[in-house]
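K.L.:
Show me how the following folds:
(one chain, ligands or ions: 1)
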Amino acid sequence: MGKNVQPNILFIMSDDHAAHAMSCYDSKINETPNLDRIANEGMRFDNCFCTNSICAPSRAAILTGEYNHKNGVKTLGDNLDGRRPNVQKIMRENGYQTALVGKWHLGHEDIHNPTGFDYWNVLPGQGDYHDPDMIEMGERKKYNGYVTDIITDLSLDWLKNRAKDKPFMLMCHHKAPHRPWEPDEKHARMYEDVDIPEPETFHDDYSNRSNAAKEATMRVDRDFNKTDLKVDPPENLSPEELKGWKYQRYIKDYLRVVASIDDNVGRMLNYLDEEGLTENTMVIYTSDQGFFLGDHGWYDKRFMYEESLRMPFIVRYPKAIKTGTKTSDFALNVDFAETFLDYAGIDIPDFMQGTSLRPVMEERTPDDWQTSLYYRYWEHLSEPHKVVSHYGVRTERFKLIYYYGESLGASNTVDESRTPEWELFDLETDPFEMNNVYDDPGYAETVDTLKKELYRLKEKVGDHE
Ligand code: CA
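P.N.:
The predicted model follows:
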């Protein structure tokens, strides 16, 4: 296969950007015109899911095409072993020039640096929003400015200076909109005079659900700290008013930080247009997982519930993907690596566990396409959010979750047991997952079928713990 048919790949991934804060996903709370361009000029995936809703594990799944029990990154306490194969190494060996700019967060500084990239310049750990330090090929430097602008500037610099005779794969990984949601000057006063609508499940009281939901410490009304809220609340608010005030403080900063991402994605798209690269470049925008935007009264992620499980995933590639298309076919973060390889015309290695999304993108999804997914959150009761370890299966209509409630020796866990419990949601009648019907006799047969599917998937991906 000649070089000229290998597409360039621009993979833009933000951190904790929920699909329901993007107007191309019918957001009720903000506008993202530049991200919408990608969706309008390409395809929107409505059922793209992560296999473990937390930063490092999802990033490791994307780079290796493996589930976390295989790639070794089960929790935030694990490092990605750079000696192991990953998609960027394979792309590089097959003629691509590869780069990573922005958030890495898959190992401790100078011990587990990125591998497989011709160029990398990453934030140490979570990194800072303002005047961040970055590590350029092993050398730590301070950059003045706002992190989303800087990551975009460095990405554009690399594109401008790249070898023009080879295709590129650039992974541009934004820190934003991760906690503590610090906006830049340009967007600091956006939404100042408006009230952002509260989500339908904002006043969830966690009745009819697991103890795990009740135990989690990620509640808008209770668990934010001063760094999150930045200012003290007005005095004399009722508890309900205070909860509403905290939500406005949180969500406005979150959306301001998202607005900067949107502007900067626009800069990248304009560069591709100006350089005549649009036609032959696959542009993807995604996030490492979803996020609770006040949904269920929460912020953060981790749970297998929809807002946290779902990843935004929009892709534009004019040569192969029709404009304005949408799909509800299932896609997983472990599928991304194989998709890159497929489009690059490179053989997919046996260790990868996903499926190339190419047929879905080209609207020729095979009849036997995946209609269920396996999910596992390992980080049992870790501070500060105390979410119980669980695994589960989601099909087109149902979701079955098993909170097994053990550390099992995984890193960054608390060695305390919780009584195991199950949740079953009928997403057709209960899309917001407010009513656990696991013990409803009317669903007994469904429970049986889903348990079989759960253990089939567990076996298939080789997770024997
Ligand atoms: Ca994240």
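
K.L.:
switch to C-alpha atoms for all contacts and neighbour counts from now on
P.N.:
Will do.

K.L.:
domain parsing for this structure?
P.N.:
Domain ranges of the chain: 8-184+247-364, 374-460, per automatic domain parsing.

K.L.:
how about those in JSON lines, adding mean neighbour count, distance to the ion and mean pLDDT?
P.N.:
Shown next, in JSON lines, are the domains of the chain (neighbours: other C-alpha atoms under 10 Å; distance: least, C-alpha to the ion, whole Å; pLDDT from 0 to 100):
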{"stretch": "domain 8-184+247-364", "mean neighbour count": "21", "distance to the ion": "4", "mean pLDDT": "97"}
{"stretch": "domain 374-460", "mean neighbour count": "19", "distance to the ion": "14", "mean pLDDT": "98"}
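
K.L.:
I'd like those domains as JSON lines, with distance to N211 appended.
P.N.:
Output for these, formatted as JSON lines (distance: least, C-alpha to C-alpha, whole Å):
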{"stretch": "domain 8-184+247-364", "distance to N211": "13"}
{"stretch": "domain 374-460", "distance to N211": "8"}
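
K.L.:
Now do the helices in the stretch 1-150 of the chain.
P.N.:
Applying DSSP state H, counting those that start in this stretch to the stretch 1-150 of the chain gives helices spanning 33-40, 55-64, 68-71, 87-93, 147-161.

K.L.:
For A259, find the nearest of those.
P.N.:
A259 lies closest, by C-alpha to C-alpha, to one member of these: helix 33-40, at 9.4 Å.

K.L.:
mind giving me CSV with the helices of the stretch 1-150 of the chain and columns for distance to G116?
P.N.:
Formatted as CSV, those follow (distance: least, C-alpha to C-alpha, whole Å):
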stretch, distance to G116
helix 33-40, 27
helix 55-64, 10
helix 68-71, 16
helix 87-93, 4
helix 147-161, 16
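
K.L.:
Out of these, flag the one nearest L427.
P.N.:
L427 sits nearest to helix 55-64 of all the helices of the stretch 1-150 of the chain, at 24.0 Å, using C-alpha to C-alpha.

K.L.:
T371 contacts R397, correct?
P.N.:
No: using C-alpha atoms under 8 Å, T371 is not in contact with R397; the gap is 9.7 Å.

K.L.:
May I have the phi/psi pair for the residue of the chain positioned farthest from its centre?
P.N.:
Taking C-alpha atoms, centre = their mean, the residue of the chain most remote from its mean C-alpha position is N236, at 38.2 Å. N236 adopts backbone torsions of phi 70, psi 30, taken as degrees, to the nearest 10.

K.L.:
State the pLDDT value of it.
P.N.:
At N236, the model reports a pLDDT of 96.

K.L.:
ok, and the closest non-adjacent residue to L80?
P.N.:
Closest residue to L80 apart from its sequence neighbours, by C-alpha to C-alpha, 6 or more residues apart in numbering: L106 at 5.5 Å.

K.L.:
How about E198?
P.N.:
Excluding its sequence neighbours, the residue lying closest to E198 (C-alpha to C-alpha, 6+ apart) is G294, at 7.1 Å.

K.L.:
tell me the phi and psi of Y285?
P.N.:
phi -120, psi 130.

K.L.:
Repeat that for K226.
P.N.:
phi -60, psi -40.

K.L.:
Let me know how buried it is, in neighbour terms.
P.N.:
K226 has 10 neighbouring residues, counting by other C-alpha atoms under 10 Å.

K.L.:
Could I get the contacting residues of it?
P.N.:
Counting by C-alpha atoms under 8 Å, 6 or more residues apart in numbering, K226 touches D232.

K.L.:
now R256
P.N.:
The neighbours of R256, taking C-alpha under 8 Å, 6+ apart as the test, are P183, D184, H187, A188, M190.

K.L.:
among those, which two are most distant?
P.N.:
Greatest spatial distance among the contacts of R256 (C-alpha to C-alpha): D184 and M190, at 10.6 Å.

K.L.:
For the closest residue to E362 other than its chain neighbours, give its distance to E363.
P.N.:
Spatial nearest neighbour of E362, chain neighbours left out: I321 (5.6 Å); criterion: C-alpha to C-alpha, 6+ apart. Distance from I321 to E363, counting by C-alpha to C-alpha, to the nearest Å: 8 Å.

K.L.:
before we move on, what about G462?
P.N.:
Counting by C-alpha to C-alpha, the gap from G462 to E363 is 30 Å.

K.L.:
Ok, A337 next?
P.N.:
The gap separating A337 from E363 is 19 Å, by C-alpha to C-alpha.

K.L.:
As CSV, the contacts of R256 with distance to E423 would be great.
P.N.:
Shown next, in CSV, are these (distance: C-alpha to C-alpha, whole Å):
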residue, distance to E423
P183, 37
D184, 41
H187, 41
A188, 41
M190, 40
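
K.L.:
can I get these in JSON lines with secondary structure?
P.N.:
Shown next, in JSON lines, are these (DSSP: H, G, I helix; E, B strand; the rest coil):
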{"residue": "P183", "secondary structure": "coil"}
{"residue": "D184", "secondary structure": "coil"}
{"residue": "H187", "secondary structure": "helix"}
{"residue": "A188", "secondary structure": "coil"}
{"residue": "M190", "secondary structure": "coil"}
